[in-house]
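how does the following fold in three dimensions:
(one chain, ligands or ions: 1)
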Amino acid sequence: MTEAEQALITEAGRQLGPKGVIADPQEIAPWVSDWRGRVHGASPAILAPASTEEVVTIVKLAAAHRVPLVPQGGNTGMAAGATPAADGSQVLLSLRRMNRIRSVSAENRLAVAEAGVVLATLHDAANEVGMRFPLTLGARGSCTIGGLTSTNAGGTQVLKFGTMRALVAGVEAVLPDGSVHDGLTGLKKDNRGYSLDQLLIGAEGTLGVVTAVALRLVPAVAARAVAWAGVDSPLRALDLLRFLDARTTAVEGFELVPQDSLDLVLRHVPGTRAPLLGEHAWHVLVEATTPDSSHDITAELEQLLAAALQEGIIGDAVLASSEAQAEAFWKIRDTISEAERAEGQTLAHDISVAVGDMPRFLTEGAKTVEARFPGTRAAGFGHLGDGNVHFHVRAPTGTDGPSWYEGEGHVISAFVHDLVVAAGGSISAEHGIGQLKRDELARLSSPARMMALRAIKRAFDSRELMNPGKLVTLAPDGATP
Ligand SMILES: Cc1cc2nc3c(=O)[nH]c(=O)nc-3n(C[C@H](O)[C@H](O)[C@H](O)COP(=O)(O)OP(=O)(O)OC[C@H]3O[C@@H](n4cnc5c(N)ncnc54)[C@H](O)[C@@H]3O)c2cc1C
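Model (predicted):
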């Protein structure tokens, strides 16, 4: 530990009390590696403030001692954005103790939640007043509002409700100089120039520390219908989405699952079973909801799927006959990453292209990658209707050791990103840049984008004390200062 870190930690302990500093290496250990276990860092302590004022104290102390901070929520991020540097030169700042829901208002359709509130807790709180926070994703039991905001997370209901950018009404954050931006009024109309709130959404902790967020609510779901359909290609899956779109506004979840991903889940995740009996190359999970209890949403979806079957768009479909079965269908979708992790080395690419181009990208892209890197298996799953899939490439069978990631894996990811850019897409659709994609962002972005990103970073945090080494660095060669 450096002298500066020692001074920061001692002074923070004095001002925040014993709960404000975690110094036990065993308690620190689970938080210094990323969720996928790919990147391992070190931190001499975890600072754990319980209020915005305590975050101000820490940020000012860190600035005075020139110690970089790494904000962290649930540590479920997919880009290693919350993982500190391996040399122990950065200190973790956990927001998990800031877990109060400050208000929930059905009248204003707003909730104000502190950064450390877990997504599932917010769902429950909104439900209690007959409302709903519509964003959801597989990590809802552990990811936090601060992390979701800072990564501009998406998830499975973006099709209808948008990403965090659409659902955040305002942000409270401590800026690198210790001043507090209070954007929690949740005003629908507010044109005072640049939107600081929007700048902080997706900033990945590089511009300040999010301490609380005002979130838009929608009426609670009165009923939902969940179905699983088999199709023979991603193009057919998109045809199904367009078929449904033209006939109902109730569809809010539409997830594409290739047979390969389904096989992995059935192999590795206990208690899962295939929803359909026959063989289908691709599958779609459809969720339709209604806030109106007199609307028979199950009958509506059933009729629409029957019509799609008759038109030859889908090969087969089954509607969940109970909530338990609906949850079982979603479990298959939500555990694909977990199943891949159990299977072996997998390169994850969270990419987007125009929705209409996605079917071709999925089939042609997978073929091109597998031909160029023999033995690999490439497939995409996820949010087809958003033009966003998780395009994953598995290592050839028998590949051992993490070195594959740094060797061939590195080359494969660059190859995939080149394909995405050639298709006019983005190398990060919803997971952010973190440290895993930082150099690729710099390699593949226009000079204008990089100039603007660096200018914004410099304006807020010229000393690079806020999550350095993530998203963008001021040093043009990408070196961490
Ligand atoms: C099983 C699983 C499924 C997932 N599915 C999806 C999905 O469908 N869509 C999707 O978008 N993501 C998905 N994710 C990724 C992840 O859940 C999101 O990125 C989530 O937003 C991270 O929240 P967190 O609290 O864990 O943040 P962390 O991982 O702790 O941090 C993420 C980033 O935000 C920064 N940060 C965290 N809190 C703050 C704060 N208070 N102030 C400033 N910066 C902060 C960190 O420094 C880091 O850069 C999934 C993850 C898992 C494990």
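
can you show me the CA trace of stretch 13-24 as CSV?
C-alpha atoms of stretch 13-24 as CSV (Å, rounded to 0.1, in the frame of the first residue of the first chain):
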residue,chain,number,x,y,z
GLY,A,13,-12.0,5.4,8.6
ARG,A,14,-11.8,8.3,11.0
GLN,A,15,-14.5,10.2,9.2
LEU,A,16,-16.9,7.4,8.2
GLY,A,17,-16.4,5.1,11.2
PRO,A,18,-15.6,1.3,11.1
LYS,A,19,-18.4,0.4,8.7
GLY,A,20,-17.1,2.8,6.1
VAL,A,21,-13.8,0.9,5.5
ILE,A,22,-13.4,-2.8,4.7
ALA,A,23,-9.8,-3.8,5.2
ASP,A,24,-10.0,-7.6,5.7
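
can you offset everything so residue one is 30?
Got it, the first residue is 30 from now on, which makes the last one we talked about stretch 42-53.

quick check: mean pLDDT of that stretch?
The average pLDDT for stretch 42-53 rounds to 95.

what does stretch 290-303 give?
Rounded mean pLDDT across stretch 290-303 is 96.

from start to finish, how long is it in a straight line?
End-to-end distance of stretch 290-303 (C-alpha to C-alpha, to the nearest Å): 11 Å.

list the buried residues of it.
Ser290, Leu291, Leu293, Val294, His297, Val298, Thr301, Ala303 (16 or more other C-beta atoms under 10 Å). The way it works is simple: take the backbone N, C-alpha and C, and place the C-beta from them, glycine included.

pick out the most distant pair among those residues.
His297 and Ala303 (14.0 Å; C-beta to C-beta).

how about the residues of the stretch 180-329 of the chain that lie near the ligand?
Thr180, Ala182, Gly183, Gly184, Glu233, Gly234, Val238, Val239 (C-beta under 6 Å from any ligand atom).

setting aside sequence neighbours, what's the nearest residue to the first one?
The shortest distance from Thr180 to any residue other than its chain neighbours is 4.2 Å, reached at Gly461 (C-beta to C-beta, 6 or more residues apart in numbering).

list the contacts for that neighbour?
Gly106, Met107, Ala108, Gly110, Ser179, Thr180, Asn181, Gly231, Glu233, Leu500 (C-beta atoms under 8 Å, 6 or more residues apart in numbering).

can those residues go into TSV with extra columns for secondary structure and neighbour count?
Shown next, in TSV, are the contacts of Gly461 (DSSP: H, G, I helix; E, B strand; the rest coil; neighbours: other C-beta atoms under 10 Å):
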residue	secondary structure	neighbour count
Gly106	coil	27
Met107	coil	23
Ala108	coil	25
Gly110	coil	30
Ser179	helix	34
Thr180	coil	29
Asn181	coil	23
Gly231	coil	21
Glu233	coil	25
Leu500	coil	24
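
quick one, phi psi at the closest residue to Gly463 other than its chain neighbours?
Excluding the flanking residues, the one nearest Gly463 by C-beta to C-beta, 6+ apart is Ala108, at 2.7 Å. Dihedral pair for Ala108: phi -120, psi 20, per degrees, to the nearest 10.

tell me the pLDDT of Ala108.
95.

please apply the same query to Pro431.
In this model, Pro431 is scored at 71, pLDDT.

ok so, going back, of the contacts of Gly461, just say which sits nearest to Gly307.
Nearest to Gly307 among those: Met107, at 33.1 Å, using C-beta to C-beta.

spit out the contact partners of the closest one.
Met107 neighbours (C-beta under 8 Å, 6+ apart): Asp63, Trp64, Arg65, Ala377, Asp379, His460, Gly461, Gly463, Leu465.

can you check the pLDDT for the residue nearest to Ala168 when sequence neighbours are not counted?
Sequence neighbours aside, Thr105 is the residue nearest to Ala168 in space, at 4.0 Å (criterion: C-beta to C-beta, 6+ apart). If you check Thr105, the pLDDT there is 96.

now swap in Leu482 and tell me
If you check Leu482, the pLDDT there is 97.

and the one 10 residues further on, by the same measure?
Per-residue confidence (pLDDT) for Arg492: 95.

how close does it get to Thr165?
37 Å (C-beta to C-beta, to the nearest Å).

who has more neighbours, these two?
Neighbour tally, Arg492 and Thr165, criterion other C-beta atoms under 10 Å: the higher count belongs to Thr165, 19 against 13.

ok, that one touching His152?
Yes - between Thr165 and His152 a contact is recorded at 7.1 Å, counting by C-beta atoms under 8 Å.

coming back round to it: so which of the contacts of Met107 comes closest to Glu284?
Once C-beta to C-beta is applied, the member of these that ends up nearest Glu284 is Asp379, at 14.3 Å.

ok, that closest one touching Ala458?
Yes - using C-beta under 8 Å, Asp379 makes contact with Ala458 at a distance of 5.2 Å.

list residues touching both of those two?
Any residue near both Asp379 and Ala458 by C-beta under 8 Å, 6+ apart counts here, and that gives Asn417.

which of these two has more residues huddled nearby?
Counted by other C-beta under 10 Å, Asp379 and Ala458 do not tie: Ala458 has more neighbours, with 25 against 22.

is the more buried one in a helix, a strand, or coil?
Assigned by DSSP: H, G, I helix; E, B strand; the rest coil, the conformation of Ala458 is coil.

where does the protein have its least confident helix or strand?
Taking mean pLDDT, DSSP states H and E as the measure, the helix or strand of the chain with the lowest value is helix 432-433, at a mean of 82.

show me what it is packed against.
The criterion is 3 or more C-beta pairs under 8 Å, 6 or more residues apart in numbering; DSSP states H and E, and there are no helices or strands that helix 432-433 contacts.
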